[in-house]
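# Coordinates for the following, if possible.
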Amino acid sequence: MSVELSDHATRQSKELNCILLIEIQIYFSCLLGERLAFYSDTELNSAWQVEKNSFTTMINDAEQLTENIYVRFNTVMTKACPVSDYIGSPPVTDFTISKKKPYVPSWLMINFNKDEWSGEYGWPASKPGQANTKQVRGQAQLAVAKSLAC
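Numbering: from 1, shown residues only. All right, here's what the predicted structure looks like:
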């Protein structure tokens with residue numbers, strides 16, 4: 001897989017004082033989706049903070065990209081299909097695919113803009129800038145219906 005960091009991402013990676021894990025997710029739900037999840041074991045803007053032991057397990061399954069940035073591939077599936085009932089991304093669970101190769105993207109582009117990590121990925125026929133990669137930055141919350149007073 002070809003991985004490219006923008007100039008901003010390269011500069012910011014040198015200023016990181018913790019590890020950032022970027023997880024490429026193939027997202028199985030009612031529909032197939034592309035997601036990038038950003039994790040750290042310490043508080044980091046635009047990243048989902050993960051408990052240290054879980055984070056260590058995730059890092060052990062990742063490839064080091066820079067001194068402080070790691071990348072890993074994962075397949076996830078929603079625990080329930082009613083996506084519209086959640087604010088943010090719905091809860092997911094990992095699951096294993098025995099033949100990952102067809103799902104692993106051929107390229108990944110990482111950027112840092114307006115204090116947030118972002119990126120996109122795709123396959124040979126995908127064009128950068130046209131990918132529909134959702135950015136995952138935190139846990140979902142169940143949506144609460146608001147009553148409207150007349």
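
# can you map out the strands along this structure?
Along the chain, counting by DSSP state E, strands occupy 2-5, 20-28, 32-40, 48-49, 63-64, 69-78, 86-87, 92-94, 107-113, 116-122, 133-136, 141-142.

# Relative to residue 56, which of the ones you listed is closest?
strand 20-28 (10.5 Å; Cβ to Cβ). For the C-beta atoms, the positions are set from N, CA and C on the backbone; glycine is no exception.

# quick check: angle from that closest one to strand 107-113?
Strand 20-28 and strand 107-113 are oriented at 130 degrees to each other (axes from the mean of the first three to the mean of the last three Cα atoms, to 10 degrees).

# worst-scoring helix or strand of the chain, pLDDT-wise?
strand 141-142 (a mean of 39; mean pLDDT, DSSP states H and E).

# got any ranges where this structure has weak pLDDT?
80-91, 130-131, 137-150 (pLDDT under 70).

# and the residue nearest the centre of the chain, what does it touch?
Geometric centre of the chain, nearest residue: residue 37, 1.5 Å, by Cα atoms, centre = their mean. By Cβ atoms under 8 Å, 6 or more residues apart in numbering, the contact list for residue 37 reads 22-23, 25, 48, 136-137.

# coming back round to it: mind checking the strands of the chain for the one nearest to residue 100?
strand 69-78 (6.9 Å).

# Counting neighbours, which bits of the closest one end up buried?
Judged by neighbour count (16 or more other Cβ atoms under 10 Å), strand 69-78 contains these buried residues: 69-76, 78.
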